[in-house]
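Engineer: Build me a model from this:
(one chain, ligands or ions: 1)
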Amino acid sequence: MDERAEYPVNRFTTTLNQSVYPRLPLLLQNAACTASGFIRHRARFNRHFHRTLLEWTEGEDRSLEELHELQRTRLDRLVRLARDHIPYYRDLAPPSDKRDPDEAIRETLASVPPLEKREYRDQPLAFLSRKSSRARLYTGQTSGTTGSALELWHSPETLAEEYATVWRMRRRVGVDIGDPCMSFTGQMVVPVQQSREPYWRTNYYGKQTLFSIYHMTPANLRHYIDAVHAAPGRYVQGYPSSIHLVARAMLEAGRPLPEGKLAAVFTSSESLLAFQRTTLEQAFAAPVRDRYGVSEFAASMTQCDRGRLHVDMEFCIVEVEVVEESEDFEAGPLLITGLSHDAMPMFRYRIGDVGRRARKACPCGRPGDSFLEIDGRTEDYVLTPDGRRVGRMDHVFKQQWAVAEAQIVQVDPGAIEVLIVPRDNYDKTSERSVIREIRSRLGNEIKIQLRLVNEIAREPNGKFRAVKSTVGRNEP
Ligand SMILES: [Zn+2]
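Structural biologist: Reported below is the predicted structural model:
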């Protein structure tokens, strides 16, 4: 699942994060967060974004047929582009000429075999459009769900359309661009060695309070609670596992936010678990709206007030490889096709998440595909010797090109074991790089043991779990 909040990854931010930034005084760290917020803002909210958001918002009363017609037009365009300009898809069949758009979509997709991640990983450049100028493209990385790094590219227009799905959802609950927010994502805004508040920084340009997800000890959480009450904010955004730690502390301290302060809490990048939703809604006194997105920019689903995840049909096509079904749903692995992804089209990409698609229309009235549930990323926290619970440790592996798969295992707070399936080019330098990335999030106290293995076992449900900790379980 996705890393939305960090896109676009720019060198400026990376360099700052790794060497210069941690040594700056607080004031300049805030200035750096503001500068990087300004850069992100400019990249996301370009003219194409505003045009798309307007068009998709006004098009909300489109019928299902009209949505399929739109999907078909976009899919056909992408297939033609791929045939002409993408080396990997040179031999793709031309789009179906069936009259009915829904049937045509099915026929076109049926002629393309599903795309496996390893297929992409082994030759990413073969997916890059010869028509796109590399200089215009943004580069991103993801660690996927298995710790296997992927390099990705996308155009400014793809990024704009991705954010159009985000902001269409946010506007539905009365939140708009420019509203102040509190953010809990993986950015390392507070140096890991810091042992005094504030454990947050401010992006003044974007009116964002950026909370560190790497300093959440029981004692520090008291300061987080004070800050959540004091900071300006119309909404909260970020990883459910991190927001949950703060929300639970707020309830335990008897200090939920007053009703009406926030319009919503927006979660993404991990599966939102039922107990997390309950705690978040109580602590922040606002509805939670979840979103499913991916770093590959090839799928988006946004939640409605009935709790369903609606596929943003203008943006993507989501298929289900059905392995279980009933009168109400069909469930199985997802195959995603991004309709906005002109620089690097992927057809029927097996993302590795499993979903339960509803067979009946959503009572909210929005037409199109909707999911009852997506079983995406769920991980434990790593518990550090000084009591911090740190989520989303998979970030460590985002740029580890010599690592094929990785899993962090923990049975006591003093140590972690890191299982690594190495690639051929794995060496001492790769090892040092993994340890440095871990230390930058967990500090210097915890013992780290790396163990090279041939494979990493999946859970009984087939899912890969990046972090398994008996002392940092992700549960109520
Ligand atoms: Zn709905």
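
Engineer: Contact residues of the chain facing the ion?
Structural biologist: Proximity of the chain to the ion is confined to 304, 306, 308, 362, 364, 366 under the rule CB under 5 Å from the ion. Placement of C-beta: from N, CA and C, glycine included.

Engineer: repeat that with 8 Å
Structural biologist: For the chain, the residues in contact with the ion (CB under 8 Å from the ion) are 303-308, 310, 362-366, 370.

Engineer: Please list only the buried members of those.
Structural biologist: For those, a burial check counting by 16 or more other CB atoms under 10 Å picks out 303, 304, 307, 308, 310, 362, 366, 370.

Engineer: Just flag the most distant two among those residues.
Structural biologist: Checked with CB to CB, those reach their widest spread between 307 and 366, with 12.6 Å between them.

Engineer: thinking again about what came up before, export the buried ones among the residues of the chain next to the ion to a markdown table and tack on secondary structure and pLDDT?
Structural biologist: Listed next are those as a markdown table, based on DSSP: H, G, I helix; E, B strand; the rest coil; pLDDT from 0 to 100:
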| residue | secondary structure | pLDDT |
| --- | --- | --- |
| 303 | strand | 97 |
| 304 | coil | 96 |
| 307 | coil | 95 |
| 308 | coil | 97 |
| 310 | strand | 98 |
| 362 | coil | 96 |
| 366 | coil | 94 |
| 370 | strand | 98 |
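
Engineer: Now the element after the worst-scoring helix or strand of the chain on mean pLDDT, going C-ward?
Structural biologist: Sorting the helices and strands of the chain by mean pLDDT, DSSP states H and E puts helix 11-15 at the bottom, at a mean of 57. Using DSSP states H and E, the helix or strand that follows helix 11-15 in sequence is helix 26-44.

Engineer: Flag every buried residue along whichever helix or strand comes after that next one.
Structural biologist: Sequence-wise, the next helix or strand downstream of helix 26-44 (DSSP H and E) is helix 47-58. By neighbour count on 16+ other CB under 10 Å, the buried set for helix 47-58 is 48, 49, 52, 53, 56.

Engineer: Residue in the stretch 101-250 of the chain with the shortest distance to the ion?
Structural biologist: Minimum separation of the stretch 101-250 of the chain from the ion (CB to the ion) falls at residue 172, amounting to 10.6 Å.

Engineer: List the contacts of that residue.
Structural biologist: Applying CB atoms under 8 Å, 6 or more residues apart in numbering to residue 172 gives no contacts.

Engineer: Wait, a strand at residue 350?
Structural biologist: Yes: according to DSSP: H, G, I helix; E, B strand; the rest coil, residue 350 belongs to a strand.

Engineer: Just give the nearest non-adjacent residue to it, would you?
Structural biologist: Nearest residue to residue 350 in three dimensions, chain neighbours excluded: residue 114, at 5.2 Å (CB to CB, 6 or more residues apart in numbering).

Engineer: Tell me, how many residues neighbour the one you found?
Structural biologist: By other CB atoms under 10 Å, 14 other residues sit near residue 114.

Engineer: Quick check: phi and psi on it?
Structural biologist: phi -60, psi 150 (degrees, to the nearest 10).

Engineer: confidence score at it?
Structural biologist: We have a pLDDT of 97 for residue 114.

Engineer: do the same with residue 188
Structural biologist: Per-residue confidence at residue 188 stands at 88 (pLDDT).

Engineer: Please enumerate the helices of the stretch 301-450 of the chain.
Structural biologist: Counting by DSSP state H, counting those that start in this stretch, one finds helices in the stretch 301-450 of the chain at the ranges 428-442.

Engineer: Which stretches in the stretch 151-300 of the chain count as strands?
Structural biologist: 181-184, 200-203, 208-211, 235-238, 264-268, 288-293, 300-303 (DSSP state E, counting those that start in this stretch).

Engineer: so can I have a markdown table of these showing distance to residue 133?
Structural biologist: Formatted as a markdown table, those follow (distance: least, CB to CB, whole Å):
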| stretch | distance to residue 133 |
| --- | --- |
| strand 181-184 | 32 |
| strand 200-203 | 30 |
| strand 208-211 | 31 |
| strand 235-238 | 32 |
| strand 264-268 | 30 |
| strand 288-293 | 25 |
| strand 300-303 | 25 |
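
Engineer: Out of those, flag the one nearest residue 67.
Structural biologist: Closest approach to residue 67 among the strands of the stretch 151-300 of the chain (CB to CB): strand 300-303, 14.0 Å.

Engineer: shaky segments in this structure?
Structural biologist: 1-17 (pLDDT under 70).

Engineer: at 80 what do you get?
Structural biologist: The chain contains residues with pLDDT under 80 at 1-18, 143-147, 460-463.

Engineer: Break it down into its domains, please.
Structural biologist: For the chain, the structural domains run 4-44+174-286, 48-166+293-375, 382-469, going by automatic domain parsing.

Engineer: what's the spacing between residue 281 and residue 179?
Structural biologist: According to CB to CB, to the nearest Å, residue 281 stands 19 Å off from residue 179.

Engineer: swap that for residue 431, sorry
Structural biologist: For residue 431, the distance to residue 179 (CB to CB) stands at 44 Å.
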